[in-house]
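**Student:** turn this into a structure:
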Amino acid sequence: MNTQFALDLRLARRKAGLTQADTAHLLGVRTPRLSLLEHGRKRPTLVETCTLSIIYGRSFESLFAEIMEEVRFAIRERITTLPAKVRQCGATLNRETSLKSLERRLWEEPNAYGT
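**Tutor:** You can find the predicted model right below:
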């Protein structure tokens with residue numbers, strides 16, 4: 001797992017003035033679980049991420065900024081290998097527009113559209 005994310009979690013907790021025990025209690029986990037998250041040995045679940053976001057007063061996107069960039073890079077790579085033509089049907093009418101919009105968002109600066 002990404003060590004920058006783990007460092008960000010630890011820093012957010014310390015800036016909030018909370019101990020690991022405080023945060024673990026608020027998160028509804030045991031302290032060793034929080035330690036694994038803060039040392040980058042485990043990724044938080046979606047519920048844990050949302051809870052940490054509320055506890056620290058930070059957006060989901062800010063907690064996962066580096067991971068979001070990795071995901072965007074991977075999608076940028078995969079979008080170039082999509083089949084150019086697909087059979088048109090009612091379910092694919094917006095395909096081209098959606099793909100163009102996705103490609104534009106992938107190259108925008110983070111936070112320009114919420115990530």
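**Student:** give the next helix or strand downstream of the lengthiest helix in the chain.
**Tutor:** Longest helix in the chain, counting residues (DSSP state H): helix 65-79. Using DSSP states H and E, the next helix or strand after helix 65-79 towards the C-terminus is helix 95-107.
**Student:** and that following helix, how far out from the chain middle?
**Tutor:** Taking Cα atoms, centre = their mean, to the nearest Å, one finds helix 95-107 lying 19 Å from the centre of the chain it belongs to.
**Student:** likewise stretch 71-81?
**Tutor:** Centroid displacement of stretch 71-81 relative to its chain, using Cα atoms, centre = their mean, is 16 Å.
**Student:** next: stretch 76-87.
**Tutor:** With Cα atoms, centre = their mean, you get 24 Å for stretch 76-87.
**Student:** and stretch 47-55, by the same measure?
**Tutor:** 12 Å.
**Student:** list the contacts of it.
**Tutor:** With Cβ atoms under 8 Å, 6 or more residues apart in numbering as the test, stretch 47-55 has contacts from 9, 12, 16, 18, 23, 26-29, 37, 44, 58-60, 63-64. No exception for glycine: its C-beta is placed from N, CA and C like everyone else's.
**Student:** PyMOL command for the buried members of these?
**Tutor:** For the buried members of the contacts of stretch 47-55, the matching PyMOL selection, counting by 16 or more other Cβ atoms under 10 Å, is:
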select buried, resi 9+12+18+23+27+29+37+44+58+60+63+64
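**Student:** can you tell me which of the contacts of stretch 47-55 end up in helices?
**Tutor:** Using DSSP H, the members of the contacts of stretch 47-55 that fall in helices are L9, A12, T23, L26, L27, L37, F60, L63.
**Student:** how close does the nearest residue to the third one once chain neighbours are set aside get to R58?
**Tutor:** Nearest-residue entry for T23: R13, 5.3 Å, with adjacent residues in sequence omitted and distances by Cβ to Cβ, 6 or more residues apart in numbering. Using Cβ to Cβ, to the nearest Å, one obtains 11 Å as the distance from R13 to R58.
**Student:** now swap in E38 and tell me
**Tutor:** 15 Å.
**Student:** and the residue nearest the centre of the chain?
**Tutor:** Geometric centre of the chain, nearest residue: F64, 3.9 Å, by Cα atoms, centre = their mean.
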